[in-house]
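Trainee: starting from these lines, generate the structure:
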Amino acid sequence: MSVDVLKDIRAAEAQAEQIESEAARKARELVAAARNDAADLKARLLEEAENEVRNVLRASEEKAHQDISAADTGIQARCDDIRKQAGERLEKAVDFIVGRIVKP
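Mentor: Below you'll find the predicted structure:
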């Protein structure tokens with residue numbers, strides 16, 4: 001074999017090693033970039049989920065306050081009705097007692 005052929009083989013091997021080394025470096029960079037992208041996506045999705053939970057919680061609290069307010073209004077109306085009926089019955093009870101005592 002001639003010296004030129006051996007030089008060409010060594011140059012080709014060196015070039016192959018360089019290409020392999022460059023490919024490995026690019027692969028490491030791609031993996032690192034993918035990990036960074038995944039971490040960023042995870043952080044963004046976590047923040048979105050937390051915001052959604054806060055919104056759902058806020059809506060639930062508002063609904064609960066509305067339900068409580070409606071229940072309070074209903075209870076107040078029933079209490080007013082009971083007071084009114086008690087007042088009417090009290091007058092009847094007083095009339096009955098006075099009628100028994102005064103008119104035997």
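
Trainee: tell me, how many residues neighbour Ala39?
Mentor: 10 (other C-beta atoms under 10 Å). The way it works is simple: take the backbone N, C-alpha and C, and place the C-beta from them, glycine included.

Trainee: which residues does it contact?
Mentor: Listed by C-beta atoms under 8 Å, 6 or more residues apart in numbering, the contact set of Ala39 is empty.

Trainee: show me the residue at the heart of this protein, geometrically.
Mentor: Val53 (1.2 Å; C-alpha atoms, centre = their mean).

Trainee: and that one, what element?
Mentor: Here Val53 sits within helix 3-102, counting by DSSP states H and E.

Trainee: avg pLDDT for that helix?
Mentor: Averaged across helix 3-102, pLDDT comes to 92.

Trainee: that one: how far from the chain's middle?
Mentor: Computed by C-alpha atoms, centre = their mean, to the nearest Å, the chain-centroid distance of helix 3-102 equals 0 Å.

Trainee: with only the CA atoms kept, save stretch 27-37 in PDB.
Mentor: C-alpha atoms of stretch 27-37 as PDB (Å, rounded to 0.1, in the frame of the first residue of the first chain):
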ATOM      1  CA  ALA A  27     -27.300  14.600  20.800                       C
ATOM      2  CA  ARG A  28     -26.400  15.800  24.300                       C
ATOM      3  CA  GLU A  29     -27.500  19.300  23.400                       C
ATOM      4  CA  LEU A  30     -30.800  18.000  22.100                       C
ATOM      5  CA  VAL A  31     -31.400  16.000  25.300                       C
ATOM      6  CA  ALA A  32     -30.500  19.000  27.400                       C
ATOM      7  CA  ALA A  33     -32.800  21.300  25.400                       C
ATOM      8  CA  ALA A  34     -35.600  18.700  25.600                       C
ATOM      9  CA  ARG A  35     -35.200  18.500  29.400                       C
ATOM     10  CA  ASN A  36     -35.300  22.300  29.600                       C
ATOM     11  CA  ASP A  37     -38.400  22.400  27.500                       C
END
